[in-house]
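Engineer: Build me a model:
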Amino acid sequence: MTTPPPLLVTVDVGGTLGTADGPGLAMRLTEASPLAPAKARAIMRAGLHTQPELTDSVVAEVCEALEVPPDAFPRDLPPAPFRLFPGTAEALRRISAVASVVTLSNVTCVDADTEGLRELLSGWVSDFFPSCRIAHTKPDPRAFHAVIDHLGASPSRVIHVGDDWTCDIVGAVESGIKAIWISRGRQVPDERLIVDHGVLVATDLAAAATHIEHFAARSVA
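Structural biologist: Got it, this is the predicted structure:
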C-alpha cells in the first residue's frame, strides 16, 4: 500500500489560537484612521502587514493611505503579550500527533512576536509564517502557497484552520486547499463554500482537531 504524503496543517494565530492582551499597531492605526475599519484593515494588509521592517517611507505611505498624521503613528511599540485560549495547547497536541503544524498569520513586523509564540507553542508547532516574513497576506493565495512551497508540501494534503471567513476560509478555498472555519458559534457567512468546497465548521480548535484526526485516519485507511 502506498503511504500518502505527510499532512500539513496551517493555523491562524489571533482569534484562532488566542488573543493579544492589549491593542497592537494595526488596532491602534485602525482607531486613529477616519476610514471605515474594514477599509483601514484592507489598506494595512496590502501595505503594512507585508513589510519586514518599518522604514520612514513605509510609515509615510501607510499614514497617507489611512489619512493619519505621521506624528500619530505609534513608534517603538512593543508587541502585546499573547494569551492562548483555554484548550489550545491540548488541541495543538492532538493535531501535531497526526500532522505537521505551522502558523500562517496576517501581522505587522511590530506585532509579530515570533519568539514569544515559539516559547508558547514549540512543543507542537514547527515553524511560523507571519505575513511580514512571507511578504503576502491572506486571503491572497500567494500567502498560502508561499508556505506550501517553502515546506515542499502537497496542496491536496494541506488543511488551513482559521476564524476569519474571508482571510482564512475564502483564501484557503481559492488556494485549492482544505479549510476548517473556527465559528465560535457564529453563523456561516456563505453556505455555498460549505457545499461546493467541503469547508468544515468547528466551534473551537478542539473541534477542529477532531476533524483533522478523522481526515488523517481516513487517508491511511
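Engineer: so residue 104 touches residue 129, yeah?
Structural biologist: Yes - Residue 104 is within contact range of residue 129, at 4.9 Å (criterion: C-beta atoms under 8 Å). Where C-beta positions appear, they are placed from N, C-alpha and C, glycine not excepted.
Engineer: Can you check which residues contact both of those two?
Structural biologist: Jointly contacting residue 104 and residue 129 under the rule C-beta atoms under 8 Å, 6 or more residues apart in numbering are 10, 147.
Engineer: Between those two, which has more neighbouring residues?
Structural biologist: Shown here are residue 104 and residue 129; by other C-beta atoms under 10 Å, residue 104 has more neighbours (30 against 21).
Engineer: from the middle of its chain, how far away would the helix ranked longest in the chain be?
Structural biologist: Criterion DSSP state H: the longest helix present in the chain is helix 205-220. Relative to the chain's own centre, helix 205-220 is displaced by 19 Å; criterion: C-alpha atoms, centre = their mean, to the nearest Å.
Engineer: Let me see the confidence value for the residue lying closest to residue 206 once chain neighbours are set aside.
Structural biologist: With sequence-adjacent residues excluded and distances taken as C-beta to C-beta, 6 or more residues apart in numbering, residue 206 is closest to residue 91, at 4.6 Å. Residue 91 carries a pLDDT value of 98.
Engineer: Over to residue 2?
Structural biologist: Per-residue confidence at residue 2 stands at 53 (pLDDT).
Engineer: The one 10 residues further on too?
Structural biologist: Residue 12 carries a pLDDT score of 98 in this model.
Engineer: picking that back up, for the residue nearest to residue 206, grab the count of nearby residues.
Structural biologist: Neighbourhood size, residue 91 [other C-beta under 10 Å]: 24.
Engineer: shaky segments in the protein?
Structural biologist: Judged by pLDDT under 70, the chain has its weakly predicted residues at 1-4, 220-221.
Engineer: hmm, back to that, contacting residues around the longest helix of the chain?
Structural biologist: With C-beta under 8 Å, 6+ apart as the test, helix 205-220 has contacts from 3-4, 7, 9, 11, 16-17, 85, 87-88, 90-92, 94-95, 98-99, 157, 159, 161, 178, 180, 182, 200, 202.
Engineer: cool, stretch 114-122 as well?
Structural biologist: Counting by C-beta under 8 Å, 6+ apart, 13, 17, 79, 81-82, 84, 92, 103, 125, 128, 130, 133 sit against stretch 114-122.
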